[in-house]
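Trainee: need the 3D shape of this:
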Amino acid sequence: MFQNAFRLCKRMGDLVHSVTEWIFGSFALIFCLAVLASIPLLSLLSLGFLLHVTGQVAGSGRLLQGLTAIRKAAAVGRLILFTWLLLWPLRFFSDMIDSAYLIDSESNLSRYGPFLLFFLTFFTTAHLLWAVVRGSRMRHFIWPAPVRLLRWIVTPEKTRDLLKTAWDFADGLHLPYYFRTGTLGFLGTICWLALPISIIVAAGQLSNNGAAFLLSLLGSLILGWVVVQLPFLQAHFAIEKRFRALFELKQVRCLFRRAPIAFCFALSATLLSAIPLYLLKIELTPREIAWLPSLVYVTLILPARLITGWAVSRALQRKTDRHWFF
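Mentor: Sure thing, here's the model as predicted:
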């Protein structure tokens, strides 16, 4: 009886831990993508991940397949969170030293404080690295396990284990792959948008109102046609992993005819997710919170990418076109 109760409690504890980690990983993933999206050049990593998510869902037909990086995001999030928390005492002590130096430069805190701050910084950094080596769990950041640390220090292969852990963690992030995917997806998108945007810009330079209106109308119509195709061309590229796939419009149209309602739903979700971004551009965002629009963007566009992948997977699973009415 007690063994069954213990097993039940253990299962409940594992379930709570798994759900908590999944929720925390989701927030960490969105936050990291938002920060990357607000930094020039690094934003290609965010775009590459979103395209990868679309391709994963489209290829498997399962929405959760696009969220396999949540566990890794949870580990990164824990490292960022506890690094931020553990740096607070160091900042507080550093401010105390500066204040003591201004009040009395000959006090003991002014003379010996910098040395003490150096040792505190060293031990804090060592504690963070040791937590990463142990697996980056929450308990690893809270309790340093000094006995286990001493045993690890005397082992002859500690340096190799440390380098292997760091390499496996960095390799598991797949940053070169995301950067390449984001770069190719960005270049292909620019190629599609170059013509309509150029027409609209040229219309704004004309002094003749009638010609400017007609030219702007032409550019807007072309832009609208491109926007309808672009999310699914990006999904097709994410599946095929070929740059030329971004221009294979015929294949995307064939997929549309197999799942027109799903494509319409995915396109609506994508367009609706862009509306808050235009509302945020009404007033210039202060530099201190420049990442907030990116947070809104990622929060809204990630579900839209999942839905787009789901729509493409529906089309891939079918071999015949739907009725012409749909």
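Trainee: if I look at residue 147, how far off is residue 153?
Mentor: Residue 147 sits 11 Å away from residue 153, taking CB to CB, to the nearest Å as the criterion. (C-beta placed from N, C-alpha, C; glycine too.)
Trainee: again with residue 213
Mentor: If you go by CB to CB, the gap between residue 213 and residue 153 works out to 75 Å.
Trainee: who's more crowded, the two?
Mentor: Set side by side, residue 213 and residue 153 show more neighbours around residue 213, with 12 against 9, by other CB atoms under 10 Å.
Trainee: low-scoring stretches of the stretch 201-326 of the chain, by residue?
Mentor: Applying pLDDT under 70 to the stretch 201-326 of the chain flags residues 280-291.
Trainee: repeat the analysis, applying 90 as the threshold.
Mentor: With pLDDT under 90 as the threshold, the stretch 201-326 of the chain has low-confidence stretches at 201-217, 219, 240-242, 248-249, 252, 255, 259, 270-303, 314-326.
Trainee: contacting residues for residue 121?
Mentor: Applying CB atoms under 8 Å, 6 or more residues apart in numbering, one finds that residue 121 lies in contact with residue 90.
Trainee: how about the host helix or strand of it: buried residues?
Mentor: With elements delineated by DSSP states H and E, residue 121 resides in helix 108-134, which encompasses its position. For helix 108-134, the buried set under the neighbour-count rule, 16 or more other CB atoms under 10 Å, comprises 109, 110, 113, 127, 128, 130, 131, 132, 133, 134.
Trainee: these two touch, right, residue 136 and residue 78?
Mentor: Yes - Residue 136 sits in contact with residue 78 when judged by CB atoms under 8 Å, with a separation of 5.5 Å.
Trainee: check the gap between the residue of the chain positioned farthest from its centre and residue 84 for me.
Mentor: Of all residues in the chain, residue 106 has its C-alpha farthest from the mean position, at 49.6 Å, by CA atoms, centre = their mean. Distance of residue 106 to residue 84, given as CB to CB: 34 Å.
Trainee: cool, residue 256 as well?
Mentor: Applying CB to CB, one obtains 46 Å for the distance of residue 256 from residue 84.
Trainee: cool, residue 227 as well?
Mentor: Distance of residue 227 to residue 84, computed by CB to CB: 39 Å.
Trainee: more neighbours, the two?
Mentor: residue 227 (16 against 9).
Trainee: skipping adjacent residues, who's closest to the more buried one in space?
Mentor: The shortest distance from residue 227 to any residue that is not its chain neighbour, by CB to CB, 6 or more residues apart in numbering, is 7.6 Å, and that residue is residue 271.
Trainee: what is the subsequent helix or strand relative to the top helix by length along the chain?
Mentor: Of all the segments of type helix in the chain, defined by DSSP state H, the longest one is helix 2-37. Per DSSP H and E, helix 2-37 leads on to helix 43-60 as the next helix or strand towards the C-terminus.
Trainee: packing partners for that next one?
Mentor: With contacts taken as 3 or more CB pairs under 8 Å, 6 or more residues apart in numbering; DSSP states H and E, helix 43-60 sits against helix 2-37, helix 175-205, helix 209-240, helix 291-317.
Trainee: quick check: which of the ones you listed is nearest to residue 264?
Mentor: Closest to residue 264 of those is helix 291-317 (CB to CB; 8.6 Å).
Trainee: buried sites along that closest one?
Mentor: Result for helix 291-317 [16+ other CB under 10 Å]: buried residues 291, 293-302, 304-315.
Trainee: tell me which residues touch residue 52, please.
Mentor: Contacts for residue 52 (CB under 8 Å, 6+ apart) come out as 177, 178, 181, 238.
Trainee: and the residues you listed, which of them are buried?
Mentor: When those are checked for burial by 16+ other CB under 10 Å, the buried set is 178, 181, 238.
Trainee: what count of nearby residues applies to the closest residue to residue 116 other than its chain neighbours?
Mentor: Nearest residue to residue 116, sequence neighbours excluded (CB to CB, 6+ apart): residue 93, at 7.6 Å. By other CB under 10 Å, the residues close to residue 93 number 16.
Trainee: what do you get for residue 75?
Mentor: The number of residues packed around residue 75, counting by other CB under 10 Å, is 19.
Trainee: just say helix, strand or coil for it.
Mentor: When classified by DSSP: H, G, I helix; E, B strand; the rest coil, residue 75 comes out as helix.
Trainee: kindly provide the distance from it to residue 145.
Mentor: 18 Å.
Trainee: also residue 204?
Mentor: In this structure, residue 204 and residue 145 are 64 Å apart, going by CB to CB.
Trainee: try residue 246
Mentor: According to CB to CB, residue 246 stands 50 Å off from residue 145.
Trainee: those two - which one has more neighbours?
Mentor: In this view residue 246 and residue 145 are compared by other CB under 10 Å, and residue 246 has more residues nearby, 22 against 14.
Trainee: ok, back up a step: so where does the residue nearest to residue 116 fall, helix or strand?
Mentor: Secondary-structure element containing residue 93, defined by DSSP H and E: helix 70-103.
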